[in-house]
Every structure is written in structure tokens, then in C-alpha cells.
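Q: with the input below, show me the fold.
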Amino acid sequence: MFRKSLLLALGCLLLCQCSQLQSDCEALRVREAEIAAEPKGNYYIGRRYHIPYTRFWGYMREPGKSWRTAGLVMMDESVCRTPDRGPEDPLPGAVFGTDNNVEYIVKGAYTGTKAYDPSTNQVLPVFRPTGFEVRSKQPGFLFVPSEEYEAERVTLRPALMPTPQQCAQYR
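A: Presented below is the predicted three-dimensional model:
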């Protein structure tokens with residue numbers, strides 16, 4: 001009896017995962033087509049990803065390229081401040097990360113240097129922005145529709161995305 005129950009539970013789990021994978025792949029296919037149609041140019045697409053006490057800004061990708069190619073960046077604000085920049089703790093009225101999940105068109109360039117984020121123990125590329133334009137305040141999911149944001153740790157990563165080979169079975 002226990003063996004049958006266990007097999008039934010495992011079967012249900014596999015069906016749920018397959019269903020979730022199929023749903024994620026369908027949503028990714030639509031979004032990847034939209035991304036492929038983006039105009040080429042001298043800009044980046046940035047998605048603000050805020051986790052308290054971290055120093056990275058969020059994810060950046062080139063226009064026309066999948067979020068699969070995106071990477072976390074640190075911002076060099078020597079030329080242009082990030083849009084949500086305000087006083088930080090412990091100053092009164094501290095605000096930071098109020099634009100979490102906002103998508104921007106970002107002008108600027110990578111500096112070729114890297115910086116250390118001690119809160120996540122990562123060495124990340126540094127980007128020097130020269131301008132920001134809000135692209136969407138509600139851009140939807142970042143990597144997969146089933147992702148779950150947690151403010152305590154980095155939970156959203158390109159590795160969450162199913163591979164093209166995994167999605168090919170649902171075409």
C-alpha cells in the first residue's frame with residue numbers, strides 16, 4: 001500500500017513539473033520572439049533587482065538578446081545616478097530599491113572593471129550609466145513565469161530558465 005501511494009505521489013509530482021515546464025516554455029517562447037524584434041542600438045535593457053543590503057543594481061542584457069545572457073551588475077554612478085537613488089540607511093528618509101522589477105532602457109557602457117558585493121560574495125562587472133528611461137513598470141517575470149522572488153537572498157538567476165532543448169519538446 002505504501003509503495004503504491006509513493007508511486008502515485010511521485011507520478012503526480014512529475015506531471016505537475018511537466019505541466020509547469022510546458023507553461024514556462026510557452027511563455028518564454030512568446031517573450032523571446034518579442035525580444036528578438038527589439039531594435040538594435042547603443043543601449044541596454046536593465047531590470048532592477050533589489051535585495052536589501054546588497055550592492056548590485058540588477059540584471060543587464062543587450063537588445064535583441066535573451067535574458068538567458070543577462071548578468072548582475074554593479075553601477076558606477078560617477079556620471080549618472082540610478083533612478084531610485086536617495087538617502088540610504090541610517091539616514092532619515094532612507095529609500096533604496098523602490099523600483100524593484102522596473103525595466104529600463106539604459107545608456108552607458110561597461111567599464112571593464114569588476115567590483116565585489118560582500119553581501120552575496122560575488123565579483124560583478126561594473127556598468128557606468130549615462131541615462132535611464134523607464135521601459136515598463138510592470139514587465140512581468142524576469143527568467144521564468146514560475147519564479148519566486150525572495151527579498152532575503154538572490155533567488156532569480158538565468159539558470160532558472162529551461163534550456164532550449166527542454167522547451168523543444170513542447171513545440
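Q: what strand or helix carries the residue nearest the centre of the chain?
A: Nearest to the mean C-alpha position of the chain, by Cα atoms, centre = their mean, lies L142 at 4.6 Å. For L142, there is no host helix or strand (DSSP states H and E).
Q: got the confidence number for A36?
A: pLDDT, A36: 96.
Q: what sits against the nearest residue to it once chain neighbours are set aside?
A: Residue nearest to A36 in three dimensions, not counting chain neighbours: G64, with 6.1 Å by Cβ to Cβ, 6 or more residues apart in numbering. C-beta coordinates here come from the backbone N, C-alpha and C atoms, glycine included. For G64, the contact set (Cβ atoms under 8 Å, 6 or more residues apart in numbering) comprises I35, A36, E38, K40.
Q: and for R135?
A: When contacts are counted by Cβ under 8 Å, 6+ apart, R135 touches I45, E103, Y104, I105.
Q: roughly how far apart are the nearest residue to E103 once chain neighbours are set aside and V126?
A: For E103, ignoring the flanking residues on the chain, the nearest one in space by Cβ to Cβ, 6+ apart is P139 at 4.0 Å. Taking Cβ to Cβ, to the nearest Å as the measure, P139 falls 24 Å from V126.
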